[in-house]
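Asker: make a model of this:
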Amino acid sequence: MKNLSIRPEIRKGLWLWREVIAAFALTTVGLWWGFVSFGIIQWLGWGMAALGAILAIAAAQKVRFRPDSDGPGVVTLDERRVTYLGPLNGGVADLDLMVQLDITPTPAWRLINGGGQHLDIPTNAVGVEVLFDVFTALPEIKIEYMLSLLNSPRPAKMTVWMDPDHKPYTQLH
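Answerer: Prediction:
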């Protein structure tokens, strides 16, 4: 019997889009139940289709956030504290103290706290995808704006988000 294997680039693509594929499968089953069933199963199908569509949109945004390859350093998230351990630098950022999120031309995420200290995390660091859920939880953040900045060249540092309740940090002279 011939060994049937999937080419590595196709396997990688399927793995990258796995959440979107699963959401579309849920939507498809929901639509099928919605069209061919009746009663409670029909209503359950329409609900599954709607849920699947919402999950597909969210999963597609997450795919756009994931880096294509592993870059320098490792990012971890524990108890609302982001830790970045890089080859040349690193640090810790408490998410409860974060007042601004920037993206630098490097490209790196810059997490800034109320005192003006910041932590730069390369956008392709290992484990950086944990930051997507953190960033989407920020009040009044515009996800599509963040993703468009991430996926386009930037000549300068761009502010992605600012805490709406924060007064800008000014140093006393």
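
Asker: in this structure, where's the longest helix?
Answerer: Criterion DSSP state H: the longest helix present in the chain is helix 40-65.

Asker: and that helix, how far from the chain's centre?
Answerer: Centre-to-centre, helix 40-65 and its host chain are 18 Å apart (Cα atoms, centre = their mean, to the nearest Å).

Asker: so for it, mean pLDDT?
Answerer: Averaging pLDDT along helix 40-65 yields 95.

Asker: could you pull out the helices in this protein for me?
Answerer: Ranges of helices in the chain, per DSSP H, are 8-16, 18-36, 40-65, 130-136, 143-150.

Asker: out of those helices, which comes closest to Leu85?
Answerer: Taking Cβ to Cβ, helix 130-136 is the member of these nearest to Leu85, at 13.6 Å. Using the backbone N, CA and C atoms, a C-beta is placed for each residue, glycine as well.

Asker: now do the contacts for the spatially most central residue of the chain.
Answerer: Closest residue to the average C-alpha location of the chain: Phe132 at 2.6 Å, with Cα atoms, centre = their mean. Phe132 makes contact with 61-62, 65-66 under the criterion Cβ atoms under 8 Å, 6 or more residues apart in numbering.

Asker: buried stuff in stretch 149-157?
Answerer: For stretch 149-157, burial by neighbour count (16 or more other Cβ atoms under 10 Å) applies to 149-150.

Asker: when you give positions from now on, start the count at 280
Answerer: Noted, 280 is the first residue going forward, which turns the last one into stretch 428-436.

Asker: how far does it stretch from start to finish?
Answerer: Start to finish, the residues bounding stretch 428-436 are 10 Å apart (Cα to Cα, to the nearest Å).
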